[in-house]
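**Student:** Turn this into a structure:
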Amino acid sequence: MKSKLLLIFFVCFSLFLFLGIRASQVVFDEDQPYTRDLQTTNAPILIQEQAADPAPLDPFTLIILIDDLETLSPLLEGVWLHRSTDGGAGAMFFPIFPSQADDGLERDLNLRGAFWLEDGSQPSQQFLTILSDRNLSWHQTLLLDHSVLNEIGLILAEIDPEYQSLNSVGLSGLSYSVENRLIVQSNQALFIHDLCQILPFPAHNELLQRFLEGFSGHVQLNGTTPLDFTRPWQAASYCLFPTMNLPAE
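**Tutor:** Numbers count the residues shown, from 1 in each chain. Predicted structure coming up:
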């Protein structure tokens, strides 16, 4: 009798032990579905793309004027920061070079000494770093030279025979010099102001077409396309210089 009880106990114990082990295997497999799938399938693991930040509605443009884009050592003549205002109805311009700061001459010399072209007519990284360190930011860059300004003047003269660029001041008045740095700044502002008088630019097909063509290699545009760059100017009708007092006409 005693031996029968021991046999029954041994059989029941073995059965419960087997069921416990099997139950734990099932539970473990159910808790690891991703591991099981990787072991039994060759399905690829997909990486979700993150949406890029939307482009700003009114991007800042860094406008850089040099003497000649085709020369090996171009000279920096002017730097302006531009953005649209009033829902695109106007444009604002801020002079960066020549500088308006109290230590403007020192800033000018540092910035001009750091300017050269590299990597396919791109402003040097040292030049851009100096501007960034001055808490300036921009989303696109427009690089142009005196040849472009001269051609713009010729086109505008054909459109309006009474047009006089720079209030009779020639392109030489846009060239930077230490002695006349503030006069140069004013002349550049007057040139921009004169151009604003014939806004919107897209109304003048020849001028727009020449810009889209890059003015025979004398314009470099980075961070946007020529067509996208000119689109905001379709609504612009005036320009502002918030930090300057332009001479009365």
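
**Student:** can we go C-alpha only for contacts and neighbour counts from here?
**Tutor:** Noted.

**Student:** ok, now which ones touch the closest residue to residue 65 other than its chain neighbours?
**Tutor:** Among residues not flanking residue 65 along the chain, residue 78 sits closest, at 4.9 Å (CA to CA, 6 or more residues apart in numbering). Shown in contact with residue 78 (CA atoms under 8 Å, 6 or more residues apart in numbering): 64, 65, 66, 96, 97, 98, 174, 176, 185, 188.

**Student:** Out of those, who's the most crowded?
**Tutor:** Per-residue neighbour counts (other CA atoms under 10 Å) across the contacts of residue 78 peak at residue 98, which has 29 neighbours.

**Student:** What separation is there between it and residue 107?
**Tutor:** 8 Å (CA to CA, to the nearest Å).

**Student:** ditto for residue 177
**Tutor:** If you go by CA to CA, the gap between residue 177 and residue 107 works out to 14 Å.

**Student:** So the two - more neighbours on which side?
**Tutor:** When neighbours are counted by other CA under 10 Å, residue 107 comes out ahead of the other of residue 177 and residue 107, with 18 against 13.

**Student:** before we move on, which element is the more buried one in?
**Tutor:** helix 104-113 (DSSP states H and E).

**Student:** Pull the distance from stretch 85-93 to the chain's centre.
**Tutor:** Distance of stretch 85-93 from the chain centroid (CA atoms, centre = their mean, to the nearest Å) equals 18 Å.

**Student:** Can you give me the buried ones in that stretch?
**Tutor:** Buried positions in stretch 85-93, judged by neighbour count with 16 or more other CA atoms under 10 Å: 88, 89, 90, 91, 92, 93.

**Student:** Now, the residues you listed that are in strands?
**Tutor:** Judged by DSSP state E, these include 90, 91, 92, 93 as members of strands.

**Student:** Give me the neighbour count for the nearest residue to residue 215 once chain neighbours are set aside.
**Tutor:** Spatially, and ignoring its direct neighbours in sequence, residue 215 is nearest to residue 148 (6.4 Å; CA to CA, 6+ apart). Neighbour count of residue 148, defined by other CA under 10 Å: 21.

**Student:** Now do the contacts for residue 148.
**Tutor:** Per CA under 8 Å, 6+ apart, neighbours of residue 148: 215, 218, 219.

**Student:** for the protein, longest strand please?
**Tutor:** Longest strand in the chain, counting by DSSP E: strand 76-85.

**Student:** Counting neighbours, which bits of that one end up buried?
**Tutor:** So strand 76-85, judged by 16+ other CA under 10 Å, has buried residues 76, 77, 78, 79, 80, 81, 82, 83, 84.

**Student:** cool, and stretch 212-223?
**Tutor:** So for stretch 212-223, counting by 16+ other CA under 10 Å, buried means 214, 215, 218, 219, 220, 221.

**Student:** Now the two most distant members of those.
**Tutor:** 215 and 221 (11.5 Å; CA to CA).

**Student:** between the helix or strand residue 190 falls within and strand 76-85, how many degrees?
**Tutor:** Using DSSP H and E, residue 190 sits within helix 181-196. Relative orientation of helix 181-196 and strand 76-85, computed by axes from the mean of the first three to the mean of the last three CA atoms, to 10 degrees: 50 degrees.

**Student:** which helices and strands does helix 181-196 pack with?
**Tutor:** Applying 3 or more CA pairs under 8 Å, 6 or more residues apart in numbering; DSSP states H and E, we find helix 181-196 packed against strand 238-240.
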